[in-house]
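Asks: Dropping a prediction and its sequence here:
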Amino acid sequence: MTLKTAKKVLVSAALGVAAVGLMAGSAAAEWKPKGPISLMIGFAAGGGTDTQARLIASELQKRKGWKVIPSNVAGRGGALMARKLKSLPNDGTAIGMAVTESFGYNMLASKNPGYTADDFTYITTTTGSQMGLVVKASKGWKTWDDFLKAARAGTVKFGGMSQKHADVNYLLEQKYGVKFNTVILRGGRAVMNALNAGDIDIGYGAGIQAKAVKSGDMINLVSGVGKRIPYSPNAPTLIELGIPYDIGAKFIVVGPKGMSADARNTLAAAFAEVISDKNSEVNKFVTARYTGPDLISGKALDDFIKNGLKESKTLMSVTN
């Protein structure tokens, strides 16, 4: 074979590879749901998951022409939705939105969740919570040390949203020699309502507290995520307090196990397009209340779920 002929062969091979790549990209881009998409929401109407899901559904219909039907399947921290979703068709017409803890700590803590982490295709995250340990400003506690003084003087009522919060509180009690009366409430809104009513002294907020904190009505004494909350820069993290856990959840979109790569990738890209657009209502919502767009998909998301399960098992082992 001459050098000239060899060059022609290499060029033809390169063009062939490029053509295959274009065909693959075209096939992925052309994936469309076979019918209306049922978007099941694992939490009650009016909360952060519900608001995001409905804003995204509306935007997807406008941009993609897909009919997306949101519905609330609330209960047990997203478990009821997950249990129903796992048995539905895996063709992209049935997806659900919950939080990563629905497939992590909350699932492991349940005696009979009715599903496992392997029952799902993980499509994308949307944003991350700004988990904070929150008090009313009228309490007069401006710092974690102020709160500890009150806790050492008598038992305080501490509102959480899951068994994970109760376990973290146990670690805080052991480290600081205090005692909490921890009560588990149904979601962040219930915690905020209990704080405002004076039924609890301190509680966990996953972002719903942002407006009240920014207005000065409430204070984040501690950040429950791995870094300080931007609008509460003086509040130390749990890790800085010696509790080596990031307990901030991420909002996540999942489908039944075995979804095709085309369906998974196209849905992830569509969600990312909507959430990343600074002019979209959902972008404005997650930026105002949470950490802004926080998009993880593909293998990175599969690894994130696996690491979360591992960390949850470690926390359980040291508190039980």
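Replies: Arrived safely, thanks for sending.

Asks: Do a quick rundown of the helices in the stretch 51-200 of the chain.
Replies: 79-85, 105-109, 144-153, 163-176, 188-197 (DSSP state H, counting those that start in this stretch).

Asks: just the stretch 201-320 of the chain next, same as before
Replies: Under DSSP H, counting those that start in this stretch, the stretch 201-320 of the chain gives helices at 210-215, 261-276, 281-289, 298-319.

Asks: For the last one, which helices and strands make contact with it?
Replies: Which is helix 298-319. In terms of contacts (3 or more C-beta pairs under 8 Å, 6 or more residues apart in numbering; DSSP states H and E), helix 298-319 is packed against helix 105-109, strand 120-128, helix 163-176. All C-beta spots, glycine's among them, are computed from the backbone N, C-alpha and C.

Asks: same question, the shortest one
Replies: In this structure, helix 210-215 packs against strand 132-136, strand 218-223, helix 281-289, with contacts taken as 3+ C-beta pairs under 8 Å, 6+ apart.

Asks: Now do the buried residues in it.
Replies: By 16 or more other C-beta atoms under 10 Å, the buried positions in helix 210-215 come out as 210, 212, 213.

Asks: ok, now the third one?
Replies: Buried residues in helix 281-289, counting neighbours by 16+ other C-beta under 10 Å, are found at 281, 282, 283, 285, 286, 289.

Asks: Can you name the residues that contact the second one?
Replies: To tie it back to what came earlier, the one meant is residue 282. Counting by C-beta atoms under 8 Å, 6 or more residues apart in numbering, residue 282 touches 52, 55, 56, 59, 126, 274, 275.

Asks: If we ignore the residues flanking it in sequence, what's nearest it?
Replies: In this structure, residue 282 finds its nearest non-sequential neighbour in residue 55, 3.9 Å apart by C-beta to C-beta, 6 or more residues apart in numbering.

Asks: one step back: would you mind checking the contacts of residue 282 for buried ones?
Replies: 52, 55, 56, 59, 126, 274, 275.

Asks: Name the nearest residue to the fourth one, ignoring sequence neighbours.
Replies: Excluding the flanking residues, the one nearest residue 59 by C-beta to C-beta, 6+ apart is residue 274, at 4.5 Å.

Asks: how much space between the residue nearest to residue 85 when sequence neighbours are not counted and residue 128?
Replies: Once flanking residues are discounted, residue 85 sits nearest to residue 96: 4.4 Å by C-beta to C-beta, 6+ apart. Using C-beta to C-beta, to the nearest Å, we find residue 96 at a distance of 18 Å from residue 128.

Asks: just residue 141 next, same as before
Replies: 26 Å.

Asks: Contacts only, for the closest residue in space to residue 159 that isn't next to it in sequence.
Replies: Excluding the flanking residues, the one nearest residue 159 by C-beta to C-beta, 6+ apart is residue 203, at 3.4 Å. By C-beta under 8 Å, 6+ apart, the residues touching residue 203 are 133, 134, 158, 159, 160, 185, 191, 192, 194, 195.

Asks: in terms of contact, does the last one touch residue 133 like I think?
Replies: No - counting by C-beta atoms under 8 Å, residue 195 stays clear of residue 133, with 11.2 Å between them.

Asks: picking that back up, please identify which pair of the buried ones among the contacts of residue 282 lies farthest apart.
Replies: Farthest apart among the buried ones among the contacts of residue 282 by C-beta to C-beta are 59 and 126. That separation is 12.1 Å.

Asks: Cool, thanks, signing off.
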